[in-house]
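> For reference, the sequence and a predicted model appear below.
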There are 2 protein chains.
Amino acid sequence: MSQSTIIDIAQVARLSGVPASTLRYYEEKGLIQSTGRQGLRRLFSSKVLERLAIISLGQQAGFSLNEISTIFTPKGTHIDKNKLLAKAHELDRKIQKLTAIRNGLQHAAECPAPSHLECPSFNKLLRAASMDKLKKNKSVINK
Amino acid sequence: MSQSTIIDIAQVARLSGVPASTLRYYEEKGLIQSTGRQGLRRLFSSKVLERLAIISLGQQAGFSLNEISTIFTPKGTHIDKNKLLAKAHELDRKIQKLTAIRNGLQHAAECPAPSHLECPSFNKLLRAASMDKLKKNKSVINK
DNA sequence: GCTTGACCTCAAGTTAACTTTAAGTTGTAT
DNA sequence: ATACAACTTAAAGTTAACTTGAGGTCAAGC
């Protein structure tokens, strides 16, 4: 299971669910690497499958391909554990935020107030969530 | 506080942090509506600010503008509570997924195994996460 | 009454992450 | 030996969510 075999792009595509065109695109971006060529044709180590799974995980977590690429050591086959831990923390903060939003939405949907937009707790969430957009003008708010 | 006043696009932009160009774009897409014009110039009810806050919330939750627009009643100023509740549930499932991913990443980053990719629990996550991509070919896997 | 600044429209440009297309090459089965 | 399916490259196209630019309008201050 931990043995790595050599496979072609079609097999990588079939085994990972990632289209061949995307695999070429990923290679171009440096996210994965082929181990060599047979004529024109790319050859991959089956290890690339784990890498692809991690990329998919990162995407599902909402990270861009560029962000994901930072967790891989330059040119390397390996993973930078510190970077990965940082991403885990980042994700953790995101989960906190999403949880607050979910609570707010749930509340808004269930709150029987005629205009739930007047509900103080919902408004608190709205304020908190839009704070970052207004950060440029410190307290111009009460001007 | 629950009084609605009439404001122009520059004020909406300043108060919400959303650029005027984006406000026009949102209006074109039907996400917000101006109450009228003064000559060429759009006039908005200050109620639009709450709407914009909700849009921002939805985006932060990862919903597309099209998805977000479904929670507003057609042409309406109001919110479809059932749709909103559905979105809250959707978000809830997303949070569950992200939590699993975070745990996996954290584990991978901390696991002292030489190749953490061999760690069974991490692999379990990878499998689970990539399942959907492979769903098209039922059990062609063992062909 | 004329300039100016803030608004307007419509079209085109931007970025990420791919997909599609066109034209060319090649390993493999016949 | 030859056909052909599956690979290759390079470039162009796609979608979402905006932003930018060019050229036009208009209320208000000098």
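That came in fine, so what should we check first?
> and A:T35, what are its phi and psi?
Phi and psi for A:T35, reported as degrees, to the nearest 10, are phi -80, psi -20.
> what about it, distance to A:T5?
Between A:T35 and A:T5 the computed distance is 11 Å (C-beta to C-beta, to the nearest Å). All C-beta atoms are positioned from the backbone trio N, CA, C, and that covers glycine.
> so where do the helices sit in chain A?
Along chain A, the segments classed as helices by DSSP state H run A:9-16, A:20-29, A:48-60, A:65-69, A:81-110, A:120-134.
> related to what we said a few turns ago, neighbour count for A:T35 and A:T5, which is higher?
With neighbours defined as other C-beta atoms under 10 Å in any protein chain shown, A:T35 and A:T5 compare such that A:T35 has more, 14 against 9.
> need the contact list for the closest residue to A:I101 other than its chain neighbours.
Nearest residue to A:I101, sequence neighbours excluded (C-beta to C-beta, 6 or more residues apart in numbering or on different chains): B:A61, at 5.1 Å. When contacts are counted by C-beta atoms under 8 Å, 6 or more residues apart in numbering or on different chains, B:A61 is found next to A:98, A:101-102, A:105, B:87, B:91, B:94.
> Which of those has the largest number of neighbours?
Greatest neighbour count in the contacts of B:A61, by other C-beta under 10 Å, goes to A:L105: 26 neighbours.
> Just give the closest residue to that residue, not the sequence neighbours.
In space, A:L105 is closest to B:A88, 4.1 Å off (C-beta to C-beta, 6+ apart).
> picking up where we left off before, adding distance to DNA strand D and mean pLDDT as columns, could you present the helices of chain A in JSON lines?
Formatted as JSON lines, those follow (distance: least, C-beta to the nearest atom of the strand, whole Å; pLDDT from 0 to 100):
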{"stretch": "helix A:9-16", "distance to DNA strand D": "3", "mean pLDDT": "97"}
{"stretch": "helix A:20-29", "distance to DNA strand D": "5", "mean pLDDT": "98"}
{"stretch": "helix A:48-60", "distance to DNA strand D": "13", "mean pLDDT": "94"}
{"stretch": "helix A:65-69", "distance to DNA strand D": "14", "mean pLDDT": "97"}
{"stretch": "helix A:81-110", "distance to DNA strand D": "16", "mean pLDDT": "93"}
{"stretch": "helix A:120-134", "distance to DNA strand D": "11", "mean pLDDT": "76"}
